[in-house]
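# structure, please.
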Amino acid sequence: MRNNTSKSFDRSHNEATKKHNTSSTSRQSFKQINKSGQRLKEKVLVLEAIHKHQPVTSRMLSELIGKERSNITRTLFDLEHDDCPTIKVAFEARCPVTKKIVKHYTVIDWKQEN
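Residues are numbered from 1 along each chain as shown. Prediction:
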């Protein structure tokens with residue numbers, strides 16, 4: 001019979017040896033999106049929309065571009081965390097649609113006019 005410490009060891013050992021929690025189809029899809037150039041195209045679309053309509057939320061971008069918000073948020077993360085970031089979170093404010101506090105994105109050099 002096992003005691004509680006061996007159970008916790010087994011659990012932590014399994015978690016430590018697990019490489020990731022993504023399915024192989026998700027990884028294949030990610031590789032295909034990168035290889036096809038779709039990811040770069042989405043970055044360009046999002047960046048152009050931010051330039052035209054800043055400050056914007058991910059929901060606003062989704063409606064402007066016609067892409068799912070999950071794709072937009074991934075692209076926003078990439079643009080914000082690249083080696084040379086091109087966008088920033090300018091401020092957080094209430095979303096006119098959801099009434100929740102959300103991030104508003106702009107290009108790096110954008111300054112809010114008073």
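
# if you go through this structure in chain order, where are the helices?
Along the chain, counting by DSSP state H, helices occupy 4-17, 24-36, 38-53, 58-65, 69-81.

# near Val44, how many other residues are there?
The tally of other residues near Val44 (other Cβ atoms under 10 Å) stands at 10. Glycine gets a C-beta too; all of them are placed from N, C-alpha and C.

# remind me which residues of this structure are low pLDDT?
Applying pLDDT under 70 to the chain picks out residues 1-22, 25-36, 114.

# do that again at 90, thanks
For the chain, the stretches with pLDDT under 90 are 1-42, 70-71, 82-85, 95-98, 108-114.

# please report how far Pro85 lies from Lys99.
Per Cβ to Cβ, to the nearest Å, Pro85 is found 29 Å from Lys99.

# repeat for His51
27 Å.

# of those two, which one has the most company?
More neighbours surround His51 than the other of His51 and Lys99, with 14 against 8 (other Cβ under 10 Å).

# could you give the bridge partners of the nearest residue to Ile101 once chain neighbours are set aside?
Distances taken as Cβ to Cβ, 6 or more residues apart in numbering put Glu92 closest to Ile101, at 5.4 Å, once the chain neighbours are dropped. Beta bridges link Glu92 to Lys103 when assigned by DSSP bridges.
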